[in-house]
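K.L.:
Need a 3D model of the sequence below.
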Amino acid sequence: MPARNRDGDPVDPVPFLVCTAMAVLLLFSVGPLYGLAYGLPVWAGLAVATAGTVVVAAVAYHRLVWTAPPPWVRIAPELRFQRLLYIGVAVAVLLLAVSVPLAL
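P.N.:
Now for the predicted structure:
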């Protein structure tokens, strides 16, 4: 059964699955560790990681499945590159923010 957007057109679910899987890997690998670093019990770190995963999955589903354009709509290569550049900067800032508390 293919994933469908809000208009009923089939869309590729792979970007949603990759985004959600990466969020699970990142949040569950650093969430409990940071919880312990800030004095929280392990269960609280796991709860925060689970809540973060649910939020990321909901936003990714909305963005990458529900409001996704159908496959026959083409996005200009310049816009694709601009989005990729913004995502790269956001990931770099996120990794920097995640590593700062460990350095202190």
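K.L.:
Domain map for this protein?
P.N.:
1-73, 75-104 (automatic domain parsing).
K.L.:
any idea which of these is most buried?
P.N.:
Here the criterion is mean neighbour count by mean count of other CB atoms under 10 Å, and of the domains of the chain the winner is domain 1-73, at a mean of 14. (Each C-beta comes from the backbone N, C-alpha and C, glycine too.)
K.L.:
quick one: what helix or strand has residue 30 in it?
P.N.:
Following DSSP states H and E, one finds residue 30 within helix 14-37.
K.L.:
Show me how far that helix is from its chain's centre.
P.N.:
Here the centre of helix 14-37 is set off from its chain's centre by 8 Å, with CA atoms, centre = their mean, to the nearest Å.
K.L.:
State which helix of this protein is the longest.
P.N.:
helix 77-103 (DSSP state H).
K.L.:
what angle do that one and helix 14-37 make?
P.N.:
20 degrees (axes from the mean of the first three to the mean of the last three CA atoms, to 10 degrees).
K.L.:
what's helix 77-103 packed up against?
P.N.:
Packing contacts for helix 77-103, counted by 3 or more CB pairs under 8 Å, 6 or more residues apart in numbering; DSSP states H and E, involve helix 14-37.
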